[in-house]
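Engineer: sequence-free structure coming up:
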């Protein structure tokens, strides 16, 4: 078999982290990928550590991680510290930032903070429009 073809048959393992402010829809997005109900409740700090699931598309494996809600990468409490530590201490390929549309200005500020601090792709996803 040609080496070029073998390289294209390699499995791809991608880690996608879902982050955003508390109660902005991260767990709802996560549940769409996970196919089940993770802790999606209406109070800040409901995801204190993180939840994870794996989705496979062909030979590719996507690891989705639902991190605790945070207002900043400079943590003020244990849940925010957990989010920051996960982002900086693990292999993360993509960050999906959930932003609550009624609090768009605050969410965009967080989006720009993340993009400035982390040198990986960031996606903006508005919820509750």
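Structural biologist: Yep, that arrived. What you see is a predicted model; the values in this text were computed from it and never measured. Numbering: from 1, shown residues only.
Engineer: Could I get the contacting residues of residue 17?
Structural biologist: 65, 67, 86, 87, 92, 94, 95, 96 (CB atoms under 8 Å, 6 or more residues apart in numbering). Glycine gets a C-beta too; all of them are placed from N, C-alpha and C.
Engineer: rerun at 10 Å
Structural biologist: Contact analysis of residue 17 by CB atoms under 10 Å, 6 or more residues apart in numbering lists 26, 50, 52, 63-67, 83, 86-87, 90, 92-97, 118, 120.
Engineer: residues of stretch 93-111 that come out buried?
Structural biologist: 95, 96, 97, 98, 99, 100, 107, 110, 111 (16 or more other CB atoms under 10 Å).
Engineer: typo on my end, it should be stretch 55-75
Structural biologist: For stretch 55-75, by 16+ other CB under 10 Å, it's 62, 63, 64, 65, 66, 67, 68, 69, 70, 71, 73, 75.
Engineer: Would you check which pair of the buried residues of stretch 93-111 lies furthest apart?
Structural biologist: Farthest pair in those (CB to CB) is 95 and 100. Separation: 16.8 Å.
Engineer: Now name the helix or strand holding the residue most central in space within the chain.
Structural biologist: Geometric centre of the chain, nearest residue: residue 18, 1.5 Å, by CA atoms, centre = their mean. If you go by DSSP states H and E, residue 18 is part of strand 13-20.
Engineer: Strands along this structure, start to end?
Structural biologist: Along the chain, counting by DSSP state E, strands occupy 13-20, 50-57, 60-67, 94-100, 121-127.
Engineer: any chance of these in TSV, plus distance to residue 35 and mean pLDDT?
Structural biologist: Shown next, in TSV, are the strands of the chain (distance: least, CB to CB, whole Å; pLDDT from 0 to 100):
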stretch	distance to residue 35	mean pLDDT
strand 13-20	15	88
strand 50-57	8	80
strand 60-67	11	87
strand 94-100	17	84
strand 121-127	19	60
